[in-house]
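# model this:
(chains A and B)
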Amino acid sequence: MKTEDLIGALVADNATRTEPLGATMAAAAAIAALASGLSFWLFLGPRPDVAAAIATPRFVMKFVECAALGLAAGLTAQATLRPVADRHLARIGRIGLVTAVALVVIGVIVEGILVPPADWRSRLVGTNWFHCLTLVPLLAAPAFVVLMAAARHGASTMPGRTGAVVGLTAGAIGAFFYAANCTDDSPLFVATWYTLAIAATGLLGALIGRRVLGW
Amino acid sequence: MRAALDGDAAAYRRLLDALTPVLRAGAMRGLTRAGVGTADMEDVVQETLLALHLKRHTWDRTQPLMPWVVTVARHKLVDGLRRRGRRIELPVADFEEILAAPDERDPTEARDVDRLLGRLAPRQRDIVRSITVEDRSIAATADRLGMSEGAVRVALHRGLKALAAFSGSMT
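Numbers count the residues shown, from 1 in each chain, chains lettered A, B, ... in the order given. Just a heads-up that it's a prediction; the model follows:
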């Protein structure tokens, strides 16, 4: 095929308009959150004492941490979806990621001060760690699929890294909803098991991203 | 490119025509530096044009165009080199043939993309071939194949996407 013929076809195909990347990803983020939220309401639901829990700082902290991580990872993913990465957005994402990690670390330190060392172990192990490790990825799964599919519309020059932050975003969304069901509120528990579960979705994102985000 | 994204076909053609020599020079330099010879240059150029086209919405309108073009071109060049590195061509016996029959093909013709055309579904292949090689318009193609213009448009778009996907997975 001659190059000028190919150009002719590309020009003809310009009649098929392409969706702006920002609009696609914004819609995907909304659908992802909705899909995971819906799974939560259908299969899990909030814990029985949620009305009382909402007044305790430890419970609220879980949502703040998950939301911070989800937003930061989402913005970072969005920044790398263009071949020429959006530096401004990437910077905001980096600051957000550092903030999210700082929140978790501060939570752990404060908990360490408030709770006597003899209780650390029982707080850390909690009662639901197995639920946490399985339900967070399961709740993250719908968001994961939606976000990864939308990310294919982009053009990342680093598919593995973009896949990882897409996975982290989905993991944070899953953890956000799971947090409403989980009765373990200690920052020691959150820093261990939530982190492990979200890291697993990030790793899966990196592996899948390398396969499906190439172009 | 802004006009092209808003649907101006003439502006889009001018842009792609203007970019092609730049891409050719870049591909030439890249292939030479990698020491693999420039026989595949036009394939790299065509794969890059396809990528630029299919990913044109990833250019941020508020930013200059060329850094984006260069990044896409570099990505496709690296991609092409990696693939060609894996592909072991030229069994020794072929050398005689090559020596006997010097390559007389048009330098602006690419072979890989032709081979990829063969992997498309028959209908898609008909449509892509009709618009590229046979240089028909969408309307004329629709007429000839007895399809609606909308259907031809969709098939062309899918066909181009499939071409790009094949070239990415080609081993």
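# what helix or strand is A:Ser36 located in?
Assigned by DSSP states H and E, A:Ser36 belongs to helix A:21-43.
# buried stuff in that helix?
By neighbour count with 16 or more other C-beta atoms under 10 Å in any protein chain shown, helix A:21-43 contains the buried residues A:21, A:24-25, A:28-29, A:31-33, A:35-37, A:39-40. Backbone N, C-alpha and C define where each C-beta goes, glycine included.
# now do it, average pLDDT.
Helix A:21-43 shows a mean pLDDT of 95.
# tell me if that helix is near chain B.
Yes. Judged by C-beta under 8 Å from any C-beta of the partner chain, helix A:21-43 comes into contact with chain B through A:Leu21.
# gap between that helix and the chain center?
11 Å (C-alpha atoms, centre = their mean, to the nearest Å).
# could you point out which element follows the longest helix seen in chain A?
If each helix of chain A is counted by residues according to DSSP state H, the longest one is helix A:87-114. Using DSSP H and E, the helix or strand that directly follows helix A:87-114 along the chain is helix A:117-125.
# so can I have a markdown table of the buried residues of helix A:21-43 showing distance to A:Thr76?
Putting the buried residues of helix A:21-43 into a markdown table (distance: C-beta to C-beta, whole Å) gives the following:
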| residue | distance to A:Thr76 |
| --- | --- |
| A:Leu21 | 15 |
| A:Thr24 | 17 |
| A:Met25 | 12 |
| A:Ala28 | 15 |
| A:Ala29 | 13 |
| A:Ile31 | 19 |
| A:Ala32 | 15 |
| A:Ala33 | 17 |
| A:Ala35 | 21 |
| A:Ser36 | 19 |
| A:Gly37 | 22 |
| A:Ser39 | 24 |
| A:Phe40 | 24 |
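# need the residue closest to the centroid of the chain.
With no chain named, the answer covers chain A. A:Thr169 (1.7 Å; C-alpha atoms, centre = their mean).
# wrong one, I was asking about chain B
Central residue of chain B (C-alpha atoms, centre = their mean): B:Gln46, at 2.6 Å.
# how about the residues of chain A near chain B?
A:1-21, A:81-84, A:86, A:153-155, A:157, A:214-215.
# out of these, which are buried?
The neighbour-count test (16+ other C-beta under 10 Å) marks A:1-3, A:5-14, A:18, A:21, A:81-84, A:86, A:153-155, A:157, A:214-215 as buried among the residues of chain A next to chain B.
# which of those fall in helices?
Short answer: these in helices (DSSP H) are A:Thr3, A:Asp5, A:Leu6, A:Ile7, A:Gly8, A:Ala9, A:Leu10, A:Val11, A:Ala12, A:Asp13, A:Leu21.
# report the two of the residues you listed separated the most.
Greatest spatial distance in these: A:Asp5 and A:Leu21, 28.7 Å, computed using C-beta to C-beta.
# so who does A:Thr99 touch?
A:Ala68, A:Ala72 (C-beta atoms under 8 Å, 6 or more residues apart in numbering or on different chains).
# for B:Pro122, same thing?
With C-beta under 8 Å, 6+ apart, B:Pro122 has no contacts at all.
# list phi and psi for it.
Note on B:Pro122: its backbone torsions stand at phi -50, psi -50 [degrees, to the nearest 10].
# again, but for the one 10 residues further on
Listed backbone geometry of B:Thr132 is phi -90, psi -70, with angles given as degrees, to the nearest 10.
# I'd say it and A:Leu10 touch.
No. Assessed by C-beta atoms under 8 Å, B:Thr132 is found out of contact with A:Leu10, at 9.2 Å.
# for chain B, name the helix or strand with the lowest mean pLDDT.
Of all helical and strand segments in chain B, the minimum by mean pLDDT, DSSP states H and E falls on helix B:94-100, at a mean of 48.
# right, is the helix or strand that comes right after it up against chain A?
Downstream of helix B:94-100, the next assigned helix or strand under DSSP H and E is helix B:112-117. Yes. Using C-beta under 8 Å from any C-beta, helix B:112-117 reaches chain A at B:Val113, B:Asp114, B:Leu117.
# top of those residues by neighbour count?
B:Val113 (24 neighbours; other C-beta atoms under 10 Å in any protein chain shown).
# let me see the contact set for that one.
A:Met1, A:Leu6, B:Asp43, B:Gln46, B:Glu47, B:Leu163, B:Ser167.
# now, which of the residues you listed sits nearest A:Cys66?
B:Ser167 (40.2 Å).
# so where does the closest residue to the closest one other than its chain neighbours fall, helix or strand?
What sits nearest to B:Ser167 in space, not counting adjacent residues and going by C-beta to C-beta, 6 or more residues apart in numbering or on different chains, is B:Glu47, at 5.1 Å. Using DSSP H and E, B:Glu47 falls within helix B:41-54.
# now the angle between helix B:41-54 and the very next helix or strand once past that helix, please.
Next helix or strand after helix B:41-54 toward the C-terminus (DSSP H and E): helix B:65-86. For helix B:65-86 against helix B:41-54, the angle by axes from the mean of the first three to the mean of the last three C-alpha atoms, to 10 degrees is 130 degrees.
# list the buried residues of helix B:65-86.
By 16+ other C-beta under 10 Å, the buried positions in helix B:65-86 come out as B:68-69, B:71-73, B:75-77, B:79-81, B:83-84.
# what about chain A: which of those residues touch it?
Within these, those near chain A by C-beta under 8 Å from any C-beta are B:Trp68, B:Thr71, B:Val72, B:His75.
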